[in-house]
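Q: based on what follows, work out the 3D shape:
(one chain, ligands or ions: 1)
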Amino acid sequence: MQIPISQRNSNNHTAIVIGSSMAGLLSARVLADYFTQVIVVDRDTLPEQPQTRMGVPQANHAHVMLAQGYRILEELFPGIDAELSKAGAPRVDWAKEYTLFGFWGFHPHIASDLITHTCSRAFLEWLVHRRLLGFENIKFRQKTQVHGLLTNNQNSQVRGVKLYNSDENKQEELIADLVVDASGRNSQVPNWLKSMGYPAPEQTVINSFLGYSTRWYELPQDLQLDWKALAVLYKPPHNKHGGVLLPVEGNRWAVTLAGIAKDYPPTDNDGFLECARNLRNSAIYDAIKDAKPISKVYSYRRTENCWHHYEKLKRLPSGLVIIGDAVCAFNPVYGQGMTSAALSALTLQKCLLIQLNSSADTITKWNQNFQKQLAKVLKNPWLMATSDDFRWETTEGGKPDKVTRFMHKYMDEVILLSVHQPQVYKVFSEVIHMVKPPTALFAPGIIFGVLKQMIDPKINHNSQEVLDNSIKVVS
Ligand SMILES: Cc1cc2nc3c(=O)[nH]c(=O)nc-3n(C[C@H](O)[C@H](O)[C@H](O)COP(=O)(O)OP(=O)(O)OC[C@H]3O[C@@H](n4cnc5c(N)ncnc54)[C@H](O)[C@@H]3O)c2cc1C
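A: Numbering: from 1, shown residues only. You can find the predicted model right below:
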C-alpha cells in the first residue's frame, strides 16, 4: 500500500535506516510510504552485481526465503517473483519438489502452494536493492559507518546519527525524525542506550553450537532427478551432521553441511565430500560426488539464537526503533531470519499507519508499541528454533522445561505421522514455512492420528532406524 506523498504525515520528513541488508532494505521499502526521504546507511560498498560483501558474510551459505517471507516480498515488490523466474531462479514447490530425509526417513511428496523461486542470498539482496534504487525518496549512503546517535538535550529523543565515511575520511551528522537500526547481530544500540542513561535490553542467548560449511557446484547437465532441492537432517542425540542442497540462479547448487553441538563440519574439500557421504542418507553425496565444484568451502559458526528484549524496556528514547537480527537472530538452520525480517517490516508498516492517524500524545510512545508488537511476531519462530536446539544436551542458555520435553515427544510423533500421511506433511511444511502457526499441528485430526500411532504395537518409537525409505508421490 503506497501512500501518496501529499497524504504522508507532515511530521515525518526523514527516516534513517542503519544497515542495507534484508531487514534494512525491507524496512526502507515500508518507510518510503510514510517519509519524505529515507536514507539507508551501510558501512559496505553495495555491489553493482550480486556478490557477497563483508557485512553479510552469511551470503556465502544456502539461504531459503520461506514461502511466507516470499509472499510478503511479492506484496512489497510486485513482480519480483517474475523477475526471479526470468533470472533463472528455479521454481520449487516445497512440499512436492523438495525431498526431505527427516528423523524417520523420507517424507512424501504432495502438491502445495508453498512455491518460491530459490536464489542465492546475494542475488536476492541485490534484486531488492535495485528495486529500491527506483524509489525517488530512498537514498543510499555506502562506505559509511554509523558510530553513534544524536539526541536532544534531555536524551529523550533520538534526532539522527553520527557517521564516518571511510572513503572521504569524514565525520558527519545526519538529522532524522526516525532512526531504524537494522545493523544485525553486532548492533551497537544497547551500548548507545547505556551511554544515554537508559538500561540496555535484557538478552536471551541459546546456543546449540551449530556450524555451517558450504560449497557451490555447477548443476550437472542431463541429470534426471525427482527432486529440485534436498535435505538430510541430523538426528539427536547422536547424529550431529545434516545438509541441504539448494538450486539457485545461474544453474548452480548451493550445498551446505551443518554440524551441531560443536561437531562442526569440515572446511577442506575432501573432508566436505566425506562428511556428505557420512550423512544419515547419501542422497546429497550421490548428487555432488561427480558434480563440478565452483567455489572453495566457506565456513560460518556464529549461529546462536539471541534475543534483545527491547519490548520489555520501560523507557526508550522516541525516534528510534530496532528491527531484524539486531533484535532477534535465530539459529539459521530453520531459515527464519529473512521471513521474520519481512514480517517485522509489515509490523512496522502497521505501527506507522496507526501513528499517522494518532494524536501527538500517542506518537511519542509508538516506537515502544512497535517493539512490543514485534516481540509477538518473533515469538513463534523463536520457540521453534530454541525448542529444537534444546534436544541437544550440550546447548547452552537454559534447559528444556516440561512443556518443551512434551513438545519434543509430540513433534517426533507428528514427524513420524507425516512420513505416512502426505496431508499431515503438507501442514507440517506450512508451519515450517511460517504460513500457518505451530498450533495448526494440534488440529483434531493430527492429534487423533498421533494418539492412534502411539498405541500402535507395530511401531517402535525409540527406534533409530528409518521406517520408510521410499518417497510417495501425491499430486
Ligand atoms: C549462516 C547463516 C545462514 C542463514 N540462512 C538463512 C536462511 O536460509 N533463510 C533465512 O531467512 N535467513 C537465514 N539466515 C539469517 C539471515 O541472514 C538474516 O536474518 C537476515 O540477513 C536479516 O539480517 P539483518 O538484515 O537484520 O542483518 P544483517 O544481515 O546482519 O545485516 C546487517 C547490515 O548492517 C550493516 N552494518 C552493521 N553495522 C553497521 C554500522 N554501524 N553502520 C552502517 N552499517 C552497518 C552491515 O554492513 C550489514 O549490511 C542465515 C544466517 C546465517 C548466519
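Q: can you name the residue of the stretch 151-300 of the chain nearest the ligand?
A: The nearest approach of the stretch 151-300 of the chain to the ligand comes at G184, 2.4 Å away (Cβ to the nearest ligand atom). The way it works is simple: take the backbone N, C-alpha and C, and place the C-beta from them, glycine included.
Q: is the residue lying closest to that residue once chain neighbours are set aside in a helix, a strand, or coil?
A: Leaving out its chain neighbours, the residue that sits closest to G184 by Cβ to Cβ, 6 or more residues apart in numbering is D325, at 4.5 Å. Secondary structure for D325, judged by DSSP: H, G, I helix; E, B strand; the rest coil, is helix.
Q: what's around D325, how many residues?
A: Using other Cβ atoms under 10 Å, D325 has 24 other residues around it.
Q: hmm, M22 and it touching each other?
A: No. Judged on Cβ atoms under 8 Å, D325 makes no contact with M22 at a distance of 9.0 Å.
Q: between the two, which contacts overlap?
A: Contact criterion Cβ atoms under 8 Å, 6 or more residues apart in numbering; residues shared by D325 and M22: G337, A341.
Q: show me what contacts the residue nearest to G184?
A: D325 touches A23, G184, R185, S187, G337, A341, counting by Cβ under 8 Å, 6+ apart.
Q: residue numbers of this structure in contact with the ligand?
A: Residues of the chain found near the ligand (Cβ under 6 Å from any ligand atom) are 18-24, 41-44, 55-56, 58, 61, 63-65, 145-146, 182-186, 212, 300, 303, 324-326, 332, 335-339, 341.
Q: whichever of the residues you listed end up buried, select them in PyMOL.
A: Buried residues among those (16 or more other Cβ atoms under 10 Å), as a PyMOL selection:
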select buried, resi 18+19+20+21+22+23+24+41+42+43+44+55+56+58+61+63+64+65+145+146+182+183+184+212+300+303+324+325+326+332+335+336+337+338+339+341
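Q: hang on, the earlier thing: now do the contacts for the residue of the stretch 151-300 of the chain closest to the ligand.
A: Counting by Cβ under 8 Å, 6+ apart, G184 has contacts G19, S21, A23, G55, G324, D325, A326, A329.
Q: for the fourth one, phi and psi?
A: Dihedral pair for G55: phi -70, psi -10, per degrees, to the nearest 10.
Q: and for it, nearest residue in space, chain neighbours not counted?
A: Nearest non-adjacent residue to G55, counting by Cβ to Cβ, 6+ apart: D44, 4.4 Å away.
Q: same check, this time on the second one
A: Nearest in space to S21, with sequence neighbours left out and distances taken as Cβ to Cβ, 6+ apart, is V56 at 5.2 Å.
Q: against P381, how distant is that neighbour?
A: Distance, V56 to P381, using Cβ to Cβ, to the nearest Å: 20 Å.
Q: what does D268 give?
A: According to Cβ to Cβ, D268 and P381 sit 33 Å apart.
Q: okay, these two: which has more neighbours?
A: P381 (22 against 11).
Q: ok, the residue lying closest to the more buried one once chain neighbours are set aside - contacts?
A: The shortest distance from P381 to any non-neighbouring residue, by Cβ to Cβ, 6+ apart, is to Q336 (4.1 Å). Contacts for Q336 (Cβ under 8 Å, 6+ apart) come out as L66, F330, P381, M384, A385, M434.
Q: do T256 as well
A: Each residue near T256 by Cβ under 8 Å, 6+ apart is listed here: H61, A62, Y212, S213, T214, G243, V244, L246.
Q: what's the answer for K143, then?
A: Taking Cβ under 8 Å, 6+ apart as the test, what K143 contacts is R43, D44, T45, N165, S166, D167.
Q: quick check, the first one in contact with T144.
A: Going back to what we said before, that points to R43. Yes. In this structure R43 lies within contact range of T144 using Cβ under 8 Å: 6.4 Å.
Q: now do the shared contacts for those two.
A: S166.
Q: stretch 23-39: how far from the chain's middle?
A: Relative to its chain's centre, stretch 23-39 lies at 20 Å (Cα atoms, centre = their mean, to the nearest Å).
Q: swap in stretch 385-394?
A: 18 Å.
Q: tell me which residues of it come out buried.
A: Buried residues in stretch 385-394 (16+ other Cβ under 10 Å): A385, T386, S387, D388, D389, F390, R391, W392.
Q: need the next SSE after the helix or strand containing the first one, C-terminal direction.
A: With secondary structure defined by DSSP states H and E, A385 is part of helix 366-389. The first helix or strand that comes after helix 366-389 along the chain, using DSSP H and E, is helix 402-420.
Q: excluding sequence neighbours, find me the nearest residue to the spatially most central residue of the chain.
A: Central residue of the chain (Cα atoms, centre = their mean): G337, 1.6 Å from the mean position. Leaving aside its sequence neighbours, G337 sits nearest to F330 (Cβ to Cβ, 6+ apart; 5.7 Å).
Q: I'd guessed E413 sits against V450; true?
A: Yes. Using Cβ under 8 Å, E413 is in contact with V450, at 4.4 Å.
Q: report pLDDT for N462.
A: On pLDDT, N462 comes in at 63.
Q: and for E168?
A: For E168, the predicted pLDDT is 87.
Q: need the contacts of D325 in a markdown table with pLDDT, can you?
A: Converted to a markdown table, the contacts of D325 look like this (pLDDT from 0 to 100):
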| residue | pLDDT |
| --- | --- |
| A23 | 98 |
| G184 | 98 |
| R185 | 97 |
| S187 | 98 |
| G337 | 98 |
| A341 | 98 |
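Q: which of the residues you listed fall in helices?
A: Taking DSSP state H as the definition of helices, the contacts of D325 contribute A23, G337, A341.
Q: can you report how many residues neighbour P190?
A: Neighbour count for P190, taken as other Cβ under 10 Å: 17.
Q: count of neighbours near the residue nearest to G337?
A: Using other Cβ under 10 Å, the number of residues around F330 comes to 24.
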